[in-house]
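S.K.: Kindly generate the corresponding structure for this input.
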Amino acid sequence: MVRRMHILACAALCLLALVLRPAAHGAAAVGLLTIDGVIGPANADYVVHGLARSARLEHQLVILKMDTPGGLDTAMREIIKAILSSPVPVVAYVAPSGARAASAGTYILYASHIAAMAPGTNLGAATPVAIGIGQAPPAQSDPKKKPDDESTLAHKQVNDAAAYLRGLAQMRGRNAAWAERAVREAVSLTAEEALTQKVIELVAPDVPALLAQLDGRTLTVLGQARRLETKGVLPVEFAPGWRTRLLETITHPSVALLMMTIGIYGLVFEFMNPGFVAPGVVGAICLLLALYALQLLPVNYAGLALVLLGLMLMVAEAFLPSFGVVGFGGVVAFVAGALMLVDTEVPGFGIPVGLIGALGLASALLLAGTARLALSSRRRPLASGDATLIGATARVETVAPDGGFDAWIRIEGELWQAACALPLSRAQTVRVVARKGLTLEVVPVDTS
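M.R.: Take a look at the predicted model:
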């Protein structure tokens, strides 16, 4: 009897463990997001939706694994806003060994609730990249020298970035003095140095080791204390979906420029040859996608206007007797606009000069082909009007019974009134020698 009671008790405990295990596992779940490469609109969308998904699944923690050289300021600030407003604590983890969190990655790391790095990684160099074609002045400048407009703008950007990163450091209780140096002097730190100088909290070789070190810590998230129970928990990785991959593709400046060019040429071809349908559909889709991508990027609108003007001038060359002047000007405007289209020098967001040259060369060859076709068409004999009627042969369809008109003849599917000085008979072959109004003068063809 006692043995039976022991068996029943063990069975009840096993059943209770099976019932409670999913709930515990769900409460202890940890999300894992990965940023690998330049931070842009696609990364920002991926992180924002990933944090929202973790909040819906009630994860206790999100690990943001990073290896980035930096990125766009707008995308970085969008990620930071999502982290600061997230109900789920975020751990920024620079990994694997050899990775870095430079420029925009440093800001994201400072904004996170916990900052961690793997051995052999580095962070820093958070000075804003020069905007446009100008360059930022050195941090140390002569105070007696009056700054010009460009240097003033650069100083404003540096001061704004320094205050932003210093504010994040003060919010998370990290080294604010080094944060300002990272912006003003572009300094960097290794993982061990960052831990010593209280820039980060943890150094861990991999994600399981990181979770083991996080176990038992208490974090304050949106004013509420959260105790972490992460030891032995397997993280749930959120892989980029089709939306992120699509954004990553179309928001590359080179792809956006190529789609815009294809879109305009496709629409022009459809307007010149109505009924083909496919060029118009493809052109409209490419143009809309390009415009959507450009509104997500830091576009120089002068460059965009030059690109559009260049494409329009190259199209106009096919309709204007300008002997190539308008088309050549369009190629020059297109190349100049493409060079200055993206208003940033962030690595990974520039348009390769080779692509610009290839598009300009392709447009020039298209213009040359159009001009050649136009010249060859001018040398051809006329294919319509009186020139095609004079000398043409025809068969007599009917002969007039009275003296009104001598006969009716058919030329290229049309019936014409014909007059002849000699008598004509039905089915006789005649040749047109002149035209007077709607009457053709014909002569019989000698069939002997």
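
S.K.: Can you pull out the low-pLDDT segments for this structure?
M.R.: 1-28, 129-150, 323, 374-375, 377-387, 402-405, 447-448 (pLDDT under 70).

S.K.: if I look at the most centrally placed residue in the chain, how far off is Gly348?
M.R.: Nearest to the mean C-alpha position of the chain, counting by C-alpha atoms, centre = their mean, stands Thr251 at 1.8 Å. Separation of Thr251 from Gly348 (C-beta to C-beta, to the nearest Å) stands at 11 Å. Heads up, the C-betas are built off the backbone N, CA and C, glycines and all.

S.K.: Mutual contacts of the two, please.
M.R.: Gly40 (C-beta atoms under 8 Å, 6 or more residues apart in numbering).

S.K.: rewinding a little: doesn't Asn43 make contact with the residue nearest to the centre of the chain?
M.R.: No: taking contacts as C-beta atoms under 8 Å, Thr251 lies outside contact range of Asn43: 9.9 Å.

S.K.: Tell me which residues of stretch 229-241 come out buried.
M.R.: Buried residues in stretch 229-241, counted by 16 or more other C-beta atoms under 10 Å: 229-230, 233, 235, 238, 240.

S.K.: scratch that, stretch 164-173 is what I was asking about
M.R.: 164-166, 168-169, 172.

S.K.: And for that stretch, what's in contact with it?
M.R.: Contacts of stretch 164-173 (C-beta under 8 Å, 6+ apart): 80, 106-107, 110-113, 115, 126, 175-176, 179-180, 182-183.

S.K.: out of the buried residues of stretch 229-241, which are inside strands?
M.R.: Using DSSP state E, no member of the buried residues of stretch 229-241 sits in strands.

S.K.: Same list (the residues you listed) but as CSV, adding distance to Leu291.
M.R.: Listed next are these as CSV, based on distance: C-beta to C-beta, whole Å:
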residue, distance to Leu291
Glu229, 48
Thr230, 45
Val233, 44
Pro235, 38
Phe238, 29
Pro240, 24
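
S.K.: Just the residues you listed: which are in helices?
M.R.: With helices defined by DSSP state H, no entry of those lies inside them.

S.K.: From Pro444, how far off is Ala421?
M.R.: 10 Å.

S.K.: With Cys420 instead?
M.R.: Using C-beta to C-beta, we find Cys420 at a distance of 7 Å from Pro444.

S.K.: re earlier: between the contacts of stretch 164-173, which is closest to Pro87?
M.R.: Closest to Pro87 out of these is His113 (11.4 Å), distances taken as C-beta to C-beta.

S.K.: ok, that closest one - contacts?
M.R.: Applying C-beta under 8 Å, 6+ apart to His113 gives the contacts 83, 89-91, 172, 219, 221.

S.K.: how far away is it from Val307?
M.R.: Distance of His113 to Val307, computed by C-beta to C-beta: 43 Å.

S.K.: Asp36 now?
M.R.: Counting by C-beta to C-beta - Asp36 and Val307 are separated by 31 Å.

S.K.: Neighbour count: the two, which is higher?
M.R.: Val307 (26 against 11; other C-beta atoms under 10 Å).

S.K.: if we can go back for a sec, when Ala421 and Pro444 are compared, which one has more neighbours?
M.R.: Remark: of Ala421 and Pro444, Pro444 carries more neighbours, 16 against 9, as counted by other C-beta under 10 Å.

S.K.: what's the helix or strand encompassing Leu361 packed up against?
M.R.: Following DSSP states H and E, the helix or strand that holds Leu361 is helix 353-379. Helices and strands touching helix 353-379, by 3 or more C-beta pairs under 8 Å, 6 or more residues apart in numbering; DSSP states H and E, are helix 253-272, helix 301-316, helix 325-339.

S.K.: Give me the secondary structure label for the residue lying closest to Ile35 once chain neighbours are set aside.
M.R.: Spatial nearest neighbour of Ile35, excluding adjacent residues (C-beta to C-beta, 6 or more residues apart in numbering): Met66 at 4.8 Å. Following DSSP: H, G, I helix; E, B strand; the rest coil, the label given to Met66 is strand.

S.K.: right, and Met66 touches Val91 too?
M.R.: No: using C-beta under 8 Å as the test, Met66 is too far from Val91 to be in contact (10.6 Å).

S.K.: Doesn't Ala115 lie inside a helix?
M.R.: No: using three-state DSSP, the assignment for Ala115 is strand, not a helix.

S.K.: From what I see, it and Val203 are in contact.
M.R.: No: applying C-beta under 8 Å, one finds Ala115 not in contact with Val203, separated by 10.3 Å.

S.K.: With neighbour numbers in mind, choose between those two.
M.R.: Ala115 (26 against 19).

S.K.: which residues does that one bridge with?
M.R.: In this entry, Ala115 is beta-bridged to Ala92, by DSSP bridges.

S.K.: can you check Thr220 too?
M.R.: Using DSSP bridges, the beta-bridge partners of Thr220 come out as Ala225.

S.K.: count of residues packed around it?
M.R.: For Thr220, using other C-beta under 10 Å, the count is 10.

S.K.: joint contacts of Cys420 and Pro444?
M.R.: Joint contacts of Cys420 and Pro444 (C-beta under 8 Å, 6+ apart) are Val430.

S.K.: residues near Gly70, how many?
M.R.: Gly70 sits with 24 neighbouring residues when counted by other C-beta under 10 Å.

S.K.: quick one: it and Tyr107 touch, right?
M.R.: No: with contact defined as C-beta under 8 Å, Gly70 does not reach Tyr107; the gap is 9.3 Å.

S.K.: What is the nearest of the buried residues of stretch 229-241 to Ala290?
M.R.: Pro240 (21.8 Å).

S.K.: and the closest one, what does it touch?
M.R.: By C-beta under 8 Å, 6+ apart, Pro240 lies in contact with 42, 46, 248.

S.K.: any chance of those residues in a markdown table, with distance to Leu415 too?
M.R.: Output for the contacts of Pro240, formatted as a markdown table (distance: C-beta to C-beta, whole Å):
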| residue | distance to Leu415 |
| --- | --- |
| Ala42 | 67 |
| Tyr46 | 72 |
| Glu248 | 66 |
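
S.K.: List just the nearest of those residues to Asn273.
M.R.: Ranked by distance to Asn273 (C-beta to C-beta), the contacts of Pro240 are led by Glu248 at 34.5 Å.

S.K.: how close does the residue lying closest to Phe271 once chain neighbours are set aside get to Ala95?
M.R.: Of all residues not flanking Phe271 in the chain, Gly280 sits nearest, at 7.9 Å (C-beta to C-beta, 6+ apart). According to C-beta to C-beta, Gly280 stands 49 Å off from Ala95.
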